[in-house]
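Student: Just the structure for this:
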Amino acid sequence: MTLEPVSRRSVPEEVFEQIAAKVLDGAFQPGEALPSERRLAEVLGVSRPTVREAIKRLSAAGLVEVRQGDATTVRDFRRHAGMELLPQLLIRSGGLDVSVARSMLEARMHNGPKIAELAALRADTDATTALLRVADELESETDPVQRQFIAMTYWDRVVDAADSIAFRLMFNTLRSAYEPVLPAMAAVMDAEVGRPEAYRALANAIGAGEPAAATAAARDLLEPATYKMLTALDALEKLS
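Tutor: Okay, the predicted model is just below:
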């Protein structure tokens, strides 16, 4: 077993992350039984209640199945887990998982125009005014990383205007996966965050209550950087 003793800070979280990483990397295969709580506690150097708490989190995440009086078995996360695993899937073993990054970009390109369409159907004047204000903030900012944070604030408001809990939860997950890699994305994202006029066009289409125009404006805003990133991922995959 290649699990390692954990430090004493945030112990349940570290136990969860170690075991989750082994499940996601395939070291623990679907249908395989995890070591007993006693064995995991010995290997990790923690208490059994700590292991038990971590296993509850693994179960809630769809990574394992816990049966009373029986072994805890690994589940196929592709069939049972939710989007909350995206951040862990994106960066594994210290590197970027290209296929996961590609799927996130595809989801972004698909969801963005639809969210904009819903916002145009449901937004009020206050929402549009707020979007235009964020676009102004984006234009005055020169730092490329800060521009990305501002852009996420803009889309956060668009998602609010769309008033869809499903899209809201998807956005939250994608954002949490994306934020850690913001500095590395600065150059390629300039094709998007460097166009405040495109953000204004989308805000105006939403404010005018024109779903088709909002869809087109969102696509115009998202496509250049998305395709640029997809091209970069393809090149990275060929090098690996």
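
Student: for this structure, what are the low-confidence residue spans?
Tutor: Counting by pLDDT under 70, the chain contains low-confidence ranges at 1-9, 240.

Student: What segments of it are helices?
Tutor: Assigned by DSSP state H, the helices in the chain fall at 11-25, 37-44, 48-60, 77-80, 86-90, 98-122, 125-140, 144-162, 165-178, 182-193, 196-207, 211-239.

Student: Using JSON lines, please lay out those helices together with distance to Arg67 and mean neighbour count.
Tutor: For the C-beta atoms, the positions are set from N, CA and C on the backbone; glycine is no exception. Below are these laid out as JSON lines (distance: least, Cβ to Cβ, whole Å; neighbours: other Cβ atoms under 10 Å):
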{"stretch": "helix 11-25", "distance to Arg67": "17", "mean neighbour count": "19"}
{"stretch": "helix 37-44", "distance to Arg67": "14", "mean neighbour count": "17"}
{"stretch": "helix 48-60", "distance to Arg67": "10", "mean neighbour count": "18"}
{"stretch": "helix 77-80", "distance to Arg67": "15", "mean neighbour count": "12"}
{"stretch": "helix 86-90", "distance to Arg67": "25", "mean neighbour count": "19"}
{"stretch": "helix 98-122", "distance to Arg67": "30", "mean neighbour count": "19"}
{"stretch": "helix 125-140", "distance to Arg67": "48", "mean neighbour count": "16"}
{"stretch": "helix 144-162", "distance to Arg67": "38", "mean neighbour count": "20"}
{"stretch": "helix 165-178", "distance to Arg67": "28", "mean neighbour count": "16"}
{"stretch": "helix 182-193", "distance to Arg67": "41", "mean neighbour count": "16"}
{"stretch": "helix 196-207", "distance to Arg67": "49", "mean neighbour count": "22"}
{"stretch": "helix 211-239", "distance to Arg67": "39", "mean neighbour count": "16"}
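
Student: could those helices be laid out in a markdown table, adding distance to Ala71?
Tutor: Listed next are those as a markdown table, based on distance: least, Cβ to Cβ, whole Å:
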| stretch | distance to Ala71 |
| --- | --- |
| helix 11-25 | 14 |
| helix 37-44 | 10 |
| helix 48-60 | 11 |
| helix 77-80 | 17 |
| helix 86-90 | 24 |
| helix 98-122 | 29 |
| helix 125-140 | 51 |
| helix 144-162 | 41 |
| helix 165-178 | 30 |
| helix 182-193 | 41 |
| helix 196-207 | 52 |
| helix 211-239 | 37 |
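
Student: right, and these - which one's nearest Gly69?
Tutor: helix 37-44 (12.8 Å; Cβ to Cβ).

Student: what domains does the record give for this protein?
Tutor: The chain breaks down into these domains under automatic domain parsing: 11-81, 89-239.

Student: First residue to last residue on the shortest one, what's the distance there?
Tutor: As for domain 11-81, its first-to-last residue distance stands at 23 Å under the measure Cα to Cα, to the nearest Å.

Student: Ok, the longest one next?
Tutor: With Cα to Cα applied, domain 89-239 spans 20 Å between its terminal residues.

Student: Likewise for stretch 65-75?
Tutor: End-to-end for stretch 65-75, by Cα to Cα: 6 Å.
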